[in-house]
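Enquirer: This is a predicted model, with the sequence first.
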Amino acid sequence: MNRSAQPKQMACVSIGYYEYLVPLEAATKIIALMANAVGLEKDLDHASGNYCYTVRAEQPRIEMTIVRPDDLRFPNGSPAQPQPAQRRLAR
């Protein structure tokens with residue numbers, strides 16, 4: 001590992017009421033992908049046992065804020081850089 005390498009620039013991506021810390025490069029991709037998204041409600045149809053998807057008229061609220069390294073705080077014992085979660089296959 002190159003010790004002189006600068007840490008990755010991070011960003012806060014807000015989708016709805018949830019915030020996620022991701023590298024800036026990933027944040028810009030998320031924003032671009034979500035630009036074409038529309039809201040969706042997923043309900044279980046008890047009669048058939050299948051899910052029913054209802055498209056909503058509005059787009060989700062999405063924002064991106066660049067996060068300075070000085071502004072990051074980690075709980076005690078946590079690594080300085082969060083590790084990405086293992087990818088799971090959808091069933």
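Expert: Perfect, thanks for sending it.
Enquirer: Starting from Ser14, give me the distance back to the residue nearest the centre of the chain.
Expert: Compute the mean C-alpha point of the chain, and by Cα atoms, centre = their mean the closest residue is Tyr20, 4.8 Å away. In this view, Tyr20 and Ser14 are 8 Å apart by Cβ to Cβ, to the nearest Å. C-beta: built from backbone N, CA, C; applies to glycine.
Enquirer: Ok, Ile62 next?
Expert: Counting by Cβ to Cβ - Ile62 and Ser14 are separated by 7 Å.
Enquirer: Near the residue lying closest to Leu44 once chain neighbours are set aside, how many other residues are there?
Expert: Sequence neighbours aside, Tyr51 is the residue nearest to Leu44 in space, at 5.8 Å (criterion: Cβ to Cβ, 6 or more residues apart in numbering). Applying other Cβ atoms under 10 Å, we find 9 other residues in the vicinity of Tyr51.
Enquirer: hey, what's in contact with both of Ile62 and Ser14?
Expert: Common neighbours of Ile62 and Ser14, using Cβ atoms under 8 Å, 6 or more residues apart in numbering, do not exist here.
Enquirer: wait, Leu24 sits on Val13?
Expert: No. Here Leu24 lies out of contact with Val13, judged by Cβ atoms under 8 Å, at a distance of 9.9 Å.
Enquirer: okay, these two: which has more neighbours?
Expert: Ranked by neighbour count (other Cβ under 10 Å), Leu24 and Val13 place Val13 first, with 21 against 15.
Enquirer: pull the helix or strand with minimum mean pLDDT from the protein.
Expert: Counting by mean pLDDT, DSSP states H and E, the weakest-scoring helix or strand in the chain turns out to be strand 40-45, with a mean of 92.
Enquirer: Sticking with the residue nearest to the centre of the chain, tell me its helix or strand.
Expert: Taking DSSP states H and E as the criterion, Tyr20 maps to strand 18-23.
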